Structures are given as C-alpha cells and as structure tokens.
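S.K.: Just to be clear, the model below is a prediction. Sequence and coordinates:
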Amino acid sequence: MGTNAPADRLTGAAVFPLRTLDPAGPLDDLGWLDEAIGDARVVAIGESAHYNREFFQLRHRLLRYLVERHGFGAYAMETGFVEGRAVRDWVEGGEGRLGDVMANGMTSLMGLWTQMRDHLEWMREHNRTAAHPVGFYGVDLPGSVVSLLPGLDAVLGYLAEADPDFRADPGLRETARVFAAPSAFSAPAAVAAYGDLPPGAGDALTAGLAGLAERMAGRRPEYLRRTTAEAYEHALRALRVTVALDGVVRALSGGDRQSAMSGREAAIADTVEWILRREERIVLAAHNGHIQRWPGVLPGMPPVTPMGMRLADRLGEGYLVIGTTSGTGQILNTGADFYTGTFFTAMEAPRPGSLDALMAASHDGPFATDLRRLAPADAAAVRAASRMRAGIGDFYSDVSPQDAFDVIVHLPHVTAADPDEAALAHAPGEVREAFAPT
C-alpha cells in the first residue's frame with residue numbers, strides 16, 4: 001500500500017465502543033453523543049434494514065439516553081401518522097391492550113416484534129412519573145403505504161363533529177375501498193386493483209380529496225368553534241398524508257416509482273416539520289435511505305431526494321443524522337417469497353471497499369464513530385468507502401458518507417427480531433398466516 005493510499009480500517013481514536021445494546025443497561029458509554037448532538041432539534045437514527053433485533057435495541061437505547069440526559073420529548077418513527085395516534089395515547093397512559101395497539105397502531109409490520117414492545121413499555125413507564133412525557137408519532141403514510149381508508153376515515157370522523165351538515169361524497173370511500181389492503185402483504189394486489197378502477201374513478205377520487213382539503217383549510221375558524229385546535233390540526237395532517245398516498249398509489253400504478261418515492265419522502269418530511277411545531281426536540285427513527293443527506297438510489301431507477309435532504313435544507317445544523325452499518329447475520333428478504341413468510345435471508349460479509357467493510361474491519365464489537373471529528377487518515381479512509389449496503393438484497397448504493405451522515409454506528413452481527421405473539425393475535429388474518437411458519 002502506498003503512503004497516500006487510504007487505510008482499510010479506522011484508528012482507535014475514531015472508535016467509541018458500545019459495551020452493550022441492552023436498552024436497560026448502563027448508559028455511560030454513550031457520552032460521545034453529548035458533543036455530537038449539540039443543539040440539534042432532530043436526531044435521526046437509521047437502520048440498514050427493517051425488523052432486526054439489534055436495530056430496535058440500538059434505537060431504544062439511544063432514545064433512553066436522549067430523553068434522560070438531554071430532555072428530548074418525542075419519538076417519531078417510520079410508521080403511519082394516522083394510526084400512530086393510538087400508540088401515542090397508550091404510551092401516555094391510555095387504555096387498551098398493547099398487543100392491539102402494536103398490531104393496529106403501527107403499520108408496515110413495524111409493531112409485530114417483541115423488541116418494539118419493550119420500547120413502548122419503557123416509554124409508558126417513563127411517562128408514568130416523568131414531569132415531561134415522551135410523545136410518540138408516526139411519520140409515514142397511512143395504511144402501510146397502500147390503503148387510503150385509515151386516513152380517509154379519520155378525516156370523515158372529524159368532519160362529522162366539526163361540520164355536521166356536510167355530507168361527503170360516499171363515492172370517495174367506495175373507490176378507496178376497492179383497492180384497500182389489510183396489510184403490507186397485499187400491497188401488490190392493492191396497486192393492481194387501483195389500475196383496474198373504472199375509467200375516471202381514480203381522477204374523481206383525487207379531485208374529491210382535493211375538495212376536502214380545500215374545505216378544511218377554508219373553514220378553519222368555523223371548525224375551531226366546534227373542536228379543539230389539536231383535533232383540527234391532526235385531522236388536516238391526516239388528510240394531507242392521505243392526499244399524498246393517493247398520489248403515490250397513482251404513480252405506482254402507472255409504473256412511475258421515482259414519483260411515488262419522491263411523493264412519499266416529501267410527505268414524511270412535512271410530517272416531521274409538523275411535529276416540530278409541537279415538540280422542541282425529537283428522535284426520528286427510519287431507514288438509512290430516508291434519513292440520509294444524500295440522494296436515495298434503488299435498483300433500476302433514478303435518484304430521489306429523501307426526507308433527510310429535505311429536513312437538512314430546512315433545519316441546517318438542527319438536523320443530526322446517525323446512520324448505521326452492519327457486518328453479518330440476517331437481513332430483510334426483499335424477494336417475492338417475503339409475501340409468503342420468508343422474512344429474512346442470510347447476509348454475506350460486507351463487500352471490500354464499502355463503508356460496511358471499513359467499519360467491520362475497525363472494531364470487533366458495536367461502536368460509533370463521529371464522521372465530523374476524524375483525523376485526516378481516518379477521514380481519507382471514510383471518503384474512499386463510497387458505497388454502502390442499502391438493505392435491498394445484495395444491492396450497494398453510492399454514497400458520500402461524510403455528506404450523508406454525521407455519525408455511524410456499526411453493528412457487527414444482526415439477527416431477526418422476535419415476533420410478538422400478543423401483537424400477532426390482533427393482526428389481520430393474512431399477517432397471521434404469513435407469520436405462522438415463524
């Protein structure tokens with residue numbers, strides 16, 4: 001190796017070891033976060049893929065630290081905004097069975113894991129005695145990003161109270177019901193059903209949703225005389241994300257994946273900003289591809305501007321990004337057999353030259369490194385690692401790590417999270433069927 005060639009591992013000075021991933025364990029090994037977060041209002045924590053035990057544990061542990069040591073007051077997560085209201089009520093002491101809340105208050109299968117149960121139980125217990133409770137928010141589109149019904153029903157329920165003489169066109173719900181899906185497992189069927197709508201039905205649905213949005217925005221003063229401002233704002237945001245989902249499904253049905261992804265990223269960024277008007281500092285949990293300050297790339301499509309780039313543009317240094325890399329273990333199966341219950345597949349060792357490989361070679365256990373405070377040799381090694389695992393099979397995306405992330409946490413081995421039996425008992429039938437082999 002020449003003297004100017006980048007190293008194949010970071011020096012010890014760049015490595016902050018994590019002694020445990022146990023969320024209940026001591027937190028004194030997380031002191032590096034104090035300098036890293038500064039005055040950031042949003043600390044985004046990524047994951048390389050969904051449904052891994054270790055990513056759930058890491059986010060739980062970092063949330064606990066940020067709440068207990070820095071007063072963060074909200075946890076915003078990649079799950080449906082509309083459905084997330086039920087989770088927020090529960091962690092703030094509301095009634096209901098947690099299994100039901102996990103299965104139906106969280107979307108895209110996010111709530112079906114025991115590690116997520118641990119997370120929510122900690123939030124509820126913390127809130128029981130805390131002077132300032134921690135709120136929960138979903139930031140994603142409703143209905144597992146396939147069904148308009150949860151959002152539409154929330155809006156119509158609000159209008160029944162705020163605008164009792166108004167009669168919404170029943171055709172809106174009838175059309176939405178045609179391509180509604182009970183879970184993420186029926187997403188492909190839902191998109192196909194939208195494409196099979198009668199001529200003009202999709203256009204009428206889009207126009208009808210736009211009419212509801214115009215009515216709600218224009219009649220705010222009258223509605224606030226009948227309801228609270230919080231109820232109005234939540235219903236209006238529910239309508240906004242439902243309108244966005246309508247555009248996403250329309251784009252997917254037409255084969256325009258880039259527009260579908262862009263619409264989703266814009267909507268979830270707007271929802272985070274909506275939360276920031278209510279909360280001073282929030283922890284944001286989502287896939288690396290959503291939180292990064294770098295164009296998102298998926299196989300076979302042009303780059304898109306992710307939520308993270310949009311938030312960085314709006315918040316500047318108020319937005320801190322903690323990305324993640326992983327070594328070996330199990331990763332989410334993105335093949336067709338996912339829909340029949342094969343959720344995970346073996347993950348090969350990181351490809352040489354990737355950011356994941358650099359991190360894996362730098363330390364044997366979990367660790368963090370602050371990309372903004374690297375010595376020259378370490379910075380050169382990171383710059384040379386211009387690709388990283390994207391969590392989609394064996395696909396690696398191009399990335400400039402120091403532009404995309406502020407901090408990287410590396411987990412050397414990741415495993416499948418544990419399905420939660422109580423949550424599955426409340427899940428739709430197609431979900432229980434798919435999980436049966438596990």
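M.R.: That came through, no problem. Numbering: from 1, shown residues only.

S.K.: just how off-centre is the helix or strand where residue 66 lies within its chain?
M.R.: According to DSSP states H and E, residue 66 maps onto helix 53-70. Centre-to-centre, helix 53-70 and its host chain are 15 Å apart (C-alpha atoms, centre = their mean, to the nearest Å).

S.K.: ok, the residue nearest to residue 306 when sequence neighbours are not counted - contacts?
M.R.: Spatial nearest neighbour of residue 306, excluding adjacent residues (C-beta to C-beta, 6 or more residues apart in numbering): residue 296 at 4.4 Å. C-beta here means a position set from N, CA and C on the backbone, and glycine is covered the same way. By C-beta atoms under 8 Å, 6 or more residues apart in numbering, residue 296 lies in contact with 261, 265, 289-290, 303-306, 397.

S.K.: Can you check the pLDDT for the residue nearest to the spatial centre of the chain?
M.R.: Nearest to the mean C-alpha position of the chain, by C-alpha atoms, centre = their mean, lies residue 78 at 2.0 Å. You'll see residue 78 listed with a pLDDT of 98.

S.K.: What strand or helix carries it?
M.R.: For residue 78, the host element (DSSP H and E) is strand 74-80.

S.K.: That strand - contacts with which helices or strands?
M.R.: strand 135-140, helix 257-276, strand 282-285 (3 or more C-beta pairs under 8 Å, 6 or more residues apart in numbering; DSSP states H and E).

S.K.: Go through those and pick out the most buried.
M.R.: Most buried of the helices and strands packed on strand 74-80 by mean neighbour count (mean count of other C-beta atoms under 10 Å) is strand 282-285; its value is a mean of 27.

S.K.: List the pairing partners of that strand within its sheet, with orientation.
M.R.: The pairing partners recorded for strand 282-285 under DSSP bridges are strand 42-45 (parallel), strand 74-80 (parallel).

S.K.: average pLDDT for it?
M.R.: The model assigns strand 282-285 a mean pLDDT of 98.

S.K.: Convert it to CSV, retaining C-alpha atoms only.
M.R.: Written as CSV, here are the backbone C-alpha positions of strand 282-285 (Å, rounded to 0.1, in the frame of the first residue of the first chain):
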residue,chain,number,x,y,z
ILE,A,282,-37.4,14.8,18.7
VAL,A,283,-35.7,11.5,18.0
LEU,A,284,-36.5,10.3,14.5
ALA,A,285,-36.2,6.6,13.6
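
S.K.: Now do the buried residues in the longest strand along the chain.
M.R.: Scanning the chain for the longest strand, with DSSP state E as the assignment, gives strand 319-332. For strand 319-332, the neighbour count (16 or more other C-beta atoms under 10 Å) marks 319-327, 329-332 as buried.

S.K.: Without its sequence neighbours, what residue ends up closest to the residue nearest to the centre of the chain?
M.R.: Nearest residue to residue 78, sequence neighbours excluded (C-beta to C-beta, 6+ apart): residue 286, at 3.9 Å.

S.K.: wait, doesn't that neighbour sit right on residue 46?
M.R.: Yes - the criterion here is C-beta atoms under 8 Å, and residue 286 meets it with residue 46 at 6.8 Å.

S.K.: quick one: which of the two has more around it?
M.R.: The neighbour comparison of residue 286 against residue 46 (other C-beta atoms under 10 Å) goes to residue 46, with 29 against 25.

S.K.: Would you mind confirming that that one makes contact with residue 320?
M.R.: No - judged on C-beta under 8 Å, residue 46 makes no contact with residue 320 at a distance of 11.5 Å.

S.K.: At which residues are the strands of the stretch 301-438 of the chain located?
M.R.: In the stretch 301-438 of the chain, the strands defined using DSSP state E, counting those that start in this stretch lie at 319-332, 344-347, 367-370, 387-392, 395-398, 407-414.

S.K.: quick one: which of those strands is nearest residue 10?
M.R.: Proximity to residue 10 (C-beta to C-beta) singles out strand 367-370 among these, at 6.2 Å.

S.K.: Report all helices and strands that that closest one contacts.
M.R.: strand 16-17, helix 32-37, helix 355-362, strand 407-414.

S.K.: what's in contact with that strand?
M.R.: Residues outside strand 367-370 that contact it (C-beta under 8 Å, 6+ apart) are 10, 14-18, 32, 35-36, 322, 359, 362, 378, 406-410.

S.K.: One more pass at 6 Å, please.
M.R.: Contact with strand 367-370 is made by 14-18, 36, 407-410, as judged by C-beta atoms under 6 Å, 6 or more residues apart in numbering.

S.K.: any idea which of those has the most stuff around it?
M.R.: Scoring the contacts of strand 367-370 on neighbours with other C-beta under 10 Å, the highest-scoring entry is residue 408 at 28 neighbours.

S.K.: Show me what stretch 238-249 is in contact with.
M.R.: Residues from elsewhere that reach stretch 238-249 (C-beta under 6 Å, 6+ apart): 81-82, 141, 148, 151-152, 154-155, 194, 206, 209, 213, 260, 263-264, 267.

S.K.: Quickly name whichever of the buried residues of strand 319-332 is closest to residue 171.
M.R.: Distance to residue 171 across the buried residues of strand 319-332 (C-beta to C-beta) is lowest for residue 332, with 37.7 Å.

S.K.: Now do the same for that closest one: its pLDDT.
M.R.: According to the prediction, residue 332 has pLDDT 92.

S.K.: before we move on, what about the one 5 residues further on?
M.R.: Per-residue confidence for residue 337 comes out at a pLDDT of 86.

S.K.: In the sheet, which residues pair with the nearest residue to residue 344 once chain neighbours are set aside? Tell me.
M.R.: Nearest non-adjacent residue to residue 344, counting by C-beta to C-beta, 6+ apart: residue 330, 4.2 Å away. Beta-bridge partners recorded for residue 330 (DSSP bridges): residue 346.

S.K.: circling back to that earlier point, among the helices and strands packed on strand 367-370, which is nearest residue 392?
M.R.: Per C-beta to C-beta, nearest to residue 392 of those: helix 355-362, 13.7 Å.

S.K.: Quick one: residues in contact with the closest one.
M.R.: Here helix 355-362 makes contact (C-beta under 6 Å, 6+ apart) with 8-10, 15, 325, 327, 350, 385, 388-389, 401, 410.

S.K.: biggest separation within the residues you listed, which pair?
M.R.: Pairwise over these, using C-beta to C-beta, the maximum falls at 15 and 389, 19.7 Å.

S.K.: wait, isn't residue 108 in contact with residue 184?
M.R.: Yes - counting by C-beta atoms under 6 Å, residue 108 does reach residue 184; the two are 5.0 Å apart.

S.K.: Quick check: neighbours shared by these two?
M.R.: residue 144.

S.K.: wait, doesn't the residue nearest to the centre of the chain sit right on residue 137?
M.R.: No - the criterion here is C-beta under 6 Å, and residue 78 misses it with residue 137 at 10.8 Å.
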